[in-house]
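A.B. asks: give me coordinates for this.
(one chain, ligands or ions: 1)
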Amino acid sequence: MIENIDNSANSGLLTLTGNRTVFWLSLTGTTTGLAFFVKWELLDLMQGGQFTKETNETGKVVIVTGANTGIGKETAREIARRGGTVYMACRNIKKCEEAREEIVLETQNKYVYCRQCDLASQESIRHFVAAFKREQEHLHVLINNAGVMRCPRSLTSDGIELQLGVNHMGHFLLTNLLLDLLKKSAPSRIVNVSSLAHTRGEINTGDLNSDKSYDEGKAYSQSKLANVLFTRELAKRLEGTKVTANALHPGVVDTEIIRHMAFFNNFFAGLFVKPLFWPFVKTPRNGAQTTLYVALDPELEKVTGQYFSDCKLKEMSPAATDTQTAKWLWAVSEKWTRPTMIKVH
Ligand SMILES: NC(=O)c1ccc[n+]([C@@H]2O[C@H](COP(=O)([O-])OP(=O)(O)OC[C@H]3O[C@@H](n4cnc5c(N)ncnc54)[C@H](OP(=O)(O)O)[C@@H]3O)[C@@H](O)[C@H]2O)c1
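C.D. replies: Below is the predicted model of the structure:
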């Protein structure tokens, strides 16, 4: 009898322990599953829209500025994979050659070229265009991607504040010098890589060059707003030519763009801050998707003067739709870069 009671107590205890184990196991399993689901779904979501449409770019000539690293390099790589002839327009020819070699080996596309183009020097831009025109009769896509962010105040060789000079004025001159080829090659496209930072931007008409006071964040936002204003004015001027001009925000992307931001570039940040941001930051490959979409999607052939993000049309800031400021900026940009000035090299 006593043995029986013991047995039944034991089996009760066993059942209870067993139930608890099953409970904890299933709770752990569910939580882990949920965590993985949320993590990967969230990560996928943070990586943004993907341009998955297969296109064949054989025969198309494309220029990508700042193509030796980051978003530009991934853009060049994907266009090369799709058969395009790619000109990597970079300031540092050694870094450019290294990137080109990697792209050619991977894509087996030999029509990838490195050419020097320092957007902080109007002479270098003019030289690049003159040499390009000697080599190619057509240009189907111009991707104005290169950029500098939040650097200490310095000037281009033409005396323009560096962020405005590289991000906007350099690309303004480059684009205008290539318009004849783009028109001749129509349908063709101009893609300006701007940023969400344009929504914080203001065009400082009283001190565009930040001569009186300089704030690196404001100067960056101003240059990125200039990208969108330029896009809209350009699209208007190109009406009826079958050359389109669009701007985009690539997302928050893990690239070298933060090279001047001390906060992100020390040992402590590498250890503690970056891992916190990591799930919310795109890889360079994913950061290139909107550029590729705007540059290549056949459905966008006639779409112009727009702003995109995550492979979707997005609303631009009210400041970016200010027609008067766009006209003013165009006039100043023309004065500072003199695109109609012919220089023989
Ligand atoms: N990463 C982001 O989160 C983010 C967000 C919004 C917008 N964007 C925009 O995306 C574009 C690409 O940036 P990224 O993130 O890929 O940055 P990145 O990794 O720093 O690449 C920038 C590229 O621009 C080139 N460049 C800089 N100054 C130049 C000059 N004077 N002449 C010619 N090329 C020059 C750089 O060349 P070097 O290697 O020789 O310096 C590099 O190839 C930029 O316009 C940026 O404003 C980026």
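A.B. asks: where do the helices sit along the stretch 1-150 of the chain?
C.D. replies: 2-46, 70-81, 93-107, 122-135 (DSSP state H, counting those that start in this stretch).
A.B. asks: ignore what I typed, I meant the stretch 151-300 of the chain.
C.D. replies: With DSSP H, counting those that start in this stretch as the criterion, the stretch 151-300 of the chain has helices spanning 162-163, 171-184, 216-237, 267-268, 274-277, 284-287, 289-296.
A.B. asks: how about JSON lines for these, with distance to the ligand added?
C.D. replies: To be clear about C-beta, it is placed using only N, CA and C from the backbone, and glycine gets the same treatment. Output for these, formatted as JSON lines (distance: least, C-beta to the nearest ligand atom, whole Å):
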{"stretch": "helix 162-163", "distance to the ligand": "8"}
{"stretch": "helix 171-184", "distance to the ligand": "9"}
{"stretch": "helix 216-237", "distance to the ligand": "6"}
{"stretch": "helix 267-268", "distance to the ligand": "21"}
{"stretch": "helix 274-277", "distance to the ligand": "11"}
{"stretch": "helix 284-287", "distance to the ligand": "6"}
{"stretch": "helix 289-296", "distance to the ligand": "8"}
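A.B. asks: which stretch in the helices of the stretch 1-150 of the chain has the least confidence?
C.D. replies: Lowest mean pLDDT within those: helix 2-46, a mean of 59.
A.B. asks: bridged to Glu161, which residues?
C.D. replies: For Glu161, the beta-bridge partners are Leu155 (DSSP bridges).
A.B. asks: now Asn109: closest residue in space that isn't a chain neighbour?
C.D. replies: Ala80 (4.3 Å; C-beta to C-beta, 6 or more residues apart in numbering).
A.B. asks: residue contacts, the one you found?
C.D. replies: 86, 103-104, 107, 109, 111-112 (C-beta atoms under 8 Å, 6 or more residues apart in numbering).
A.B. asks: and those residues, which two are the farthest apart?
C.D. replies: Spanning the widest gap among those are Ile103 and Tyr111, at 10.7 Å by C-beta to C-beta.
A.B. asks: tell me, what's touching these two both at once?
C.D. replies: Common neighbours of Ile103 and Tyr111 are listed as 80, 86 (criterion: C-beta under 8 Å, 6+ apart).
A.B. asks: who's more crowded, these two?
C.D. replies: Per other C-beta atoms under 10 Å, whichever of Ile103 and Tyr111 has more neighbours is Ile103, with 23 against 15.
A.B. asks: which residues touch the more buried one?
C.D. replies: 73, 76-77, 80, 86, 109, 112.
A.B. asks: closest one to Ile63 out of the residues you listed, please.
C.D. replies: Ranked by distance to Ile63 (C-beta to C-beta), the contacts of Ile103 are led by Val86 at 8.0 Å.
A.B. asks: tell me what that closest one is bridged to.
C.D. replies: With DSSP bridges as the criterion, Val86 is bridged to Val62, Val112.
A.B. asks: next, count neighbours for it.
C.D. replies: 31.
A.B. asks: need the contact list for the residue most central in space within the chain.
C.D. replies: In the chain, the residue lying closest to the centroid (C-alpha atoms, centre = their mean) is Pro250, at 4.3 Å. Contacts for Pro250 (C-beta under 8 Å, 6+ apart) come out as 71, 193, 195, 282, 287-288, 290-291, 309.
A.B. asks: quick check, nearest of these to Trp330?
C.D. replies: Looking across the contacts of Pro250 and measuring by C-beta to C-beta, the closest to Trp330 is Val193, at 19.2 Å.
A.B. asks: how close does the nearest residue to the closest one once chain neighbours are set aside get to Asn109?
C.D. replies: Closest residue in space to Val193, ignoring its immediate chain neighbours: Asn145 at 4.5 Å, by C-beta to C-beta, 6+ apart. Distance of Asn145 to Asn109, given as C-beta to C-beta, to the nearest Å: 19 Å.
A.B. asks: for these two, work out which one has more neighbours and name it.
C.D. replies: Between Asn145 and Asn109, Asn145 has the larger neighbour count (other C-beta under 10 Å), namely 25 against 19.
A.B. asks: circling back to that earlier point, what's the farthest-apart pair in the contacts of Pro250?
C.D. replies: Distances among these were taken as C-beta to C-beta; the most separated pair is Ser195 and Ala288, at 14.4 Å.
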